[in-house]
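Colleague: output the structure for:
(chains A and B)
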Amino acid sequence: MVERGRYRPVVWVLFVVATLAAVVVCLSLGSVRVPLPDAAREVGRFLTGRPAFDKTVWSIVVTVRFPRVLVAGLMGASLSVSGCAMQGLLKNPLADGTTLGISSGAGLGAVIAIAFGIQIPALPFAGTTIMAAAFSFLSLLVILTLAYQIDRSLSSNTIILLGIIFSMFIASLSSIIITFAGEKAGTILFWTMGSLASTTFANAALLFFSLLVFGGILLSMRRELNAFAIGEENALHVGVDVKRTKLLVLISVSALTGICVSVGGTIGFVGLVTPHMVRYLVGPNHLRLMPAVLFGGAIFLMLSDLAARTLFSPRELPIGVVTSLIGAVIFVNIIVAAMRKVK
Amino acid sequence: MIRNNNKRAAALAVVLLLAMALLAGCGSGGISSGKAEGTTVVALTASSAEILYALGGGDMLVGRGEYCDWPPEIAEVPTVSSGDETNVEQIIALKPDLVLMATMAQSPEQAAQLEEAGIEVYTSDASTIEETYVTIEEIGALIGKEAEAADVIASMQETFETVAADKVDGGTIYFEVSPLEYGLWTVGEGTFMDEAAGLVGLTNIFADLEGYAEVSEEQVIERNPDYILTITMYYGEGAKPVDELLARSGWENVTAIQNGAILELPNNELSRPGPRLAEGVQALSDFVHGIENG
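Modeller: This is a model prediction of the structure:
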């Protein structure tokens, strides 16, 4: 047996290098073609605190592209580690913010915050963020409670079905609010489509700290998740504090999902796609899988956003279109694989 | 029993519809052209309502689509659902002689239902200034205001000619339809705004695109427009459109931002095929000349 559960340093280095490479590629490529040396020069001057050399290149690469790449990376990591944790906790490879309806729930929270003008005076956008996080937590509770009524193991596809029904229910609630939102309807409609177009370094900082705290909690529970992946009863038998683990995972996942949705709207299937792909590389052991998923998720969303920005330049695609396209294919792939296994 | 009731209800509905159709039919008695007195109109599109008012037919309006918001006094006219939610029953209940709608927004089936109810239906889909003249002319003929229509068109033409005679010597413009927060949307070729730019002597920086398009922020910065026209709605929260534009990080070096050359036209002057296109073009021309002359 090779060292179990721990990365060999080489693997760590490879993941870090791949992520940094993705950052460089995403910074140098974009809707506007900027030669790599020019882009590198401005980024270098930015990182060392010097002023712009070419103001237009600086505006494009440092002010517009850089925060967006950071936000995409951090959001990809947050959504993926959340998806991975849910899949482990529920022992269900299809679990993800999108399939469970948590993202829709978070979206509804944000819609309500906008429609009713729920704000926290000191922090202009915190109302939306907190409502989104609170609603994603509530959604999780509702879905899990319902699922428990039907099937205590939670591993069946019942929970996914419930998640989809829940999403539809939330969508109609949102429509009702939008109908009565009057002039704010436009704001809400635009908002629900999801976009990384106006992201700032402040957004990146918010995502970074939430990932540090809640992602940190999830990473600290890798052993417990391993126990859950075999079965909740098993977890109980090997001495895992089942209730505490569940609560901490659910809170962390809700917070991460809510914050991501409040920054960029609903970006579907990220938490489903990345763990699935990363599992091929490092296997199902959460000790390896969880940290690897952080890098994988960052790379996946940065590259998806790159595709959204460049494929039809100067036009831009909503990033959710790209991730959902890939996500739907992988979703079917997982279902087919699962069916074969059953046969 | 239940089945019977349903049948009875259906029959009743048919009878009622027929009765309404007859009533509506009696009311109109063939308005195909030239009949002004007592003509009643429902306008589903904002532009057709504006044309009706411009022709002096505002008092004919008995119902308006919910997005018809100009001129301000239109607010007193009862609204009906429009667009995807167009409700034929609502319209028939208002017993109009004529319904003005857009080809894009309403289905042919809905138009057919209205016509079966004896209501004349006029659909338009003007996307150029020339086509807008035709729409004004045709609506004028339908409500017996041919002379007024000719006047409105002549006055529009005069404005456009004056503006075009006083063209600025080049320059570029960026049209913003939706703000950054929701992804930037702009307009390309085949839109009134693009046409307006040409009249004033400017080039739309996104003339290589067609219709409405979501574009990348980087592109705007690189194409570096001399002027910006925003038609973004302001919902009463956060920074106003012009302030928000001025405060955008990364846009500091865009010529229009540096010169404060931003015009806000929040009342759909340049997005509707109606008489106010002239006002919009005039406003754009005045604005550009104002900046040019310091």
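
Colleague: near chain A, which residues of chain B?
Modeller: Proximity of chain B to chain A, by C-beta under 8 Å from any C-beta of the partner chain, involves residues B:178, B:180-184, B:206, B:208-209, B:213-219, B:221-222, B:224, B:233, B:235-238, B:249-254. For glycine as for every other residue, the C-beta is placed from the backbone atoms N, C-alpha and C.

Colleague: are any of these buried, and which?
Modeller: B:178, B:180, B:182-184, B:206, B:209, B:213-219, B:221-222, B:224, B:250-254 (16 or more other C-beta atoms under 10 Å in any protein chain shown).

Colleague: which of those residues fall in strands?
Modeller: B:184, B:213-215 (DSSP state E).

Colleague: and which of these is nearest to B:Glu195?
Modeller: Nearest to B:Glu195 among these: B:Ala213, at 16.3 Å, using C-beta to C-beta.

Colleague: you'd agree B:Ser249 is up against A:Thr199?
Modeller: No - between B:Ser249 and A:Thr199 there is no contact under C-beta atoms under 8 Å: 10.7 Å.

Colleague: and whichever helix or strand A:Ile178 is part of, how far from the chain's centre?
Modeller: A:Ile178 belongs to helix A:158-180 when assigned by DSSP states H and E. Centroid separation between helix A:158-180 and its chain, computed with C-alpha atoms, centre = their mean, to the nearest Å, is 20 Å.

Colleague: what helices and strands are in contact with that helix?
Modeller: Contacts defined by 3 or more C-beta pairs under 8 Å, 6 or more residues apart in numbering or on different chains; DSSP states H and E place helix A:158-180 against helix A:102-115, helix A:126-150, helix A:185-192.

Colleague: nearest to chain B, of those?
Modeller: Ranking these by their distance to chain B (criterion: C-beta to the nearest C-beta) puts helix A:185-192 first, at 3.3 Å.

Colleague: so after the closest one, what's the next helix or strand?
Modeller: Using DSSP H and E, the next helix or strand after helix A:185-192 towards the C-terminus is helix A:201-210.

Colleague: what about the helix or strand following that next one, average pLDDT?
Modeller: Next along the chain after helix A:201-210, taking DSSP H and E as the criterion, comes helix A:216-220. Mean pLDDT, computed over helix A:216-220, is 95.

Colleague: mind listing what's buried along helix A:216-220?
Modeller: Across helix A:216-220, burial judged by 16+ other C-beta under 10 Å covers A:217-219.

Colleague: any chance you could list what contacts the helix or strand following it?
Modeller: Reading on from helix A:216-220 to the C-terminus, the next helix or strand found by DSSP H and E is helix A:222-230. Applying C-beta atoms under 8 Å, 6 or more residues apart in numbering or on different chains, the contact partners of helix A:222-230 are A:85, A:88-89, A:91, A:234-235, A:238, A:240-241, A:245, A:249, A:284-287, A:290.

Colleague: same question, stretch B:77-90
Modeller: By C-beta under 8 Å, 6+ apart, stretch B:77-90 touches B:42, B:44-45, B:61-68, B:91, B:94, B:101, B:105-107, B:110, B:113-114, B:117.

Colleague: go with 6 Å
Modeller: B:44, B:61, B:63-66, B:91, B:105-106, B:110, B:113 (C-beta atoms under 6 Å, 6 or more residues apart in numbering or on different chains).

Colleague: so which of the residues you listed are in strands?
Modeller: Mapping the contacts of stretch B:77-90 onto strands (DSSP E) picks out B:61, B:63-65.

Colleague: can I get the residues you listed in JSON lines including distance to A:Met75 and pLDDT?
Modeller: Shown next, in JSON lines, are the ones in strands among the contacts of stretch B:77-90 (distance: C-beta to C-beta, whole Å; pLDDT from 0 to 100):
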{"residue": "B:Leu61", "distance to A:Met75": "49", "pLDDT": "92"}
{"residue": "B:Gly63", "distance to A:Met75": "47", "pLDDT": "91"}
{"residue": "B:Arg64", "distance to A:Met75": "44", "pLDDT": "91"}
{"residue": "B:Gly65", "distance to A:Met75": "40", "pLDDT": "87"}
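
Colleague: closest to B:Val200 out of those residues?
Modeller: Nearest member of the ones in strands among the contacts of stretch B:77-90 to B:Val200, counting by C-beta to C-beta, is B:Gly65, at 30.6 Å.

Colleague: how about that closest one: what's its closest non-neighbour residue?
Modeller: B:Ser82 (3.1 Å; C-beta to C-beta, 6 or more residues apart in numbering or on different chains).
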